[in-house]
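> have a look; sequence and predicted model below, questions after that.
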Amino acid sequence: MSAKGKIPAEIAATKTASRTDDNAREAWRVFGIMSEFVEATERLSVVRPAVSIFGSARIAAGSPYYLLTEVIAKKLSDSGFAVISGGGPGIMEAANKGAYAGKSLSVGLNIQLPREQSNNPFQDVSQTFRHFFTRKYMFVKLASAYVVMPGGFGTLDELLEALTLIQTKKTPKIPLILVGSDFWNGLLVWLRARLVTDGMIDAADLDLIQVIDAPEQIVAAIFDHYQTRGFSRLPEEHELLLNL
């Protein structure tokens, strides 16, 4: 029987060995994450300028939002923008399909998931990630603009993270366009009624968002943002993204 408050030697030895194994696994996991960053950065370095399109994986092919996304992506591609999606079905497929039919690159940042995610076939460049945060970093790093279609938790996560990074000046201010005014209106009303009214964000923070439904106007809004400065990253913007 061990003394009160002391761990028996054989148990302590087992716990020490277990911690050593866990630390070794964690160290190798860090190397895996590093290699994912390096590989993605090298492969996607040619993707400029680009627009990241977010939206639901569950929207059926041929549905109104799917067809609208396809049109938007085709117009962006023909205007010289690579189009980046999550590489899966639904809105992601529509974005890649539209871009694939256009003049510029169709890029899929695919993720390994237990369900829902299967790579769509409309990708000129396909990069698969194991970790969400590595993938999300590339969405941000490569984007000259965000186009956000209707979607669920994943889409909201990407939207709010993009907003947070711009609001806090961790990334450059770039166009962030919501498509589907009927879909997004309730959220925008709530943001004004609660977050602005309760002082949790400034009213001016909502100016970071544009709501545009017409594909031609989406392309025009992105060009308007860059008309006086061009699409090349300014030195200070490049530095921001290096320290993201």
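Sure thing, it's come through. None of these values were measured; they are calculated from a predicted model. Numbering: from 1, shown residues only.
> low pLDDT regions in this structure?
For the chain, residues meeting the criterion pLDDT under 70 lie at 1-7, 9-19, 113-117.
> okay, strands next: where are they in it?
Secondary structure of the chain by DSSP state E: the strands cover 50-54, 82-85, 106-111, 125-129, 143-148, 176-178, 209-211.
> now those as a markdown table including mean neighbour count and distance to Ile218?
(Each C-beta comes from the backbone N, C-alpha and C, glycine too.) Putting the strands of the chain into a markdown table (neighbours: other Cβ atoms under 10 Å; distance: least, Cβ to Cβ, whole Å) gives the following:
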| stretch | mean neighbour count | distance to Ile218 |
| --- | --- | --- |
| strand 50-54 | 27 | 9 |
| strand 82-85 | 30 | 12 |
| strand 106-111 | 24 | 17 |
| strand 125-129 | 18 | 22 |
| strand 143-148 | 24 | 6 |
| strand 176-178 | 20 | 6 |
| strand 209-211 | 17 | 9 |
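> quick one: closest of the ones you listed to Arg233.
strand 143-148 (9.0 Å; Cβ to Cβ).
> quick one on the thing from earlier: format the strands of the chain as CSV; extra columns: distance to Glu93.
Converted to CSV, the strands of the chain look like this (distance: least, Cβ to Cβ, whole Å):
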stretch, distance to Glu93
strand 50-54, 11
strand 82-85, 8
strand 106-111, 9
strand 125-129, 13
strand 143-148, 15
strand 176-178, 20
strand 209-211, 24
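> tell me which of those lies nearest to Tyr100.
Smallest distance to Tyr100 across these (Cβ to Cβ): 4.2 Å, for strand 106-111.
> put the alpha carbons of the closest one into CSV.
C-alpha atoms of strand 106-111 as CSV (Å, rounded to 0.1, in the frame of the first residue of the first chain):
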residue,chain,number,x,y,z
SER,A,106,-10.2,27.0,-60.9
VAL,A,107,-8.7,26.2,-57.5
GLY,A,108,-10.0,23.7,-54.9
LEU,A,109,-8.7,23.7,-51.3
ASN,A,110,-10.0,20.3,-50.3
ILE,A,111,-10.3,19.0,-46.8
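> in its sheet, what does that strand sit against?
Using DSSP bridges, strand 106-111 pairs in its sheet with strand 82-85 (parallel), strand 125-129 (parallel).
> could those strands go into TSV alongside distance to Ala204?
Shown next, in TSV, are those (distance: least, Cβ to Cβ, whole Å):
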stretch	distance to Ala204
strand 82-85	28
strand 125-129	34
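> any idea how far the residue nearest to Ala73 when sequence neighbours are not counted lies from Pro8?
In space, and not counting its chain neighbours, Ala73 is closest to Gly98: 2.9 Å by Cβ to Cβ, 6 or more residues apart in numbering. Applying Cβ to Cβ, to the nearest Å, the value for Gly98 to Pro8 is 65 Å.
> likewise for Gln217?
Separation of Gln217 from Pro8 (Cβ to Cβ): 72 Å.
> would you mark the buried spots in stretch 187-199?
Neighbour-count burial for stretch 187-199 flags Leu191 (criterion: 16 or more other Cβ atoms under 10 Å).
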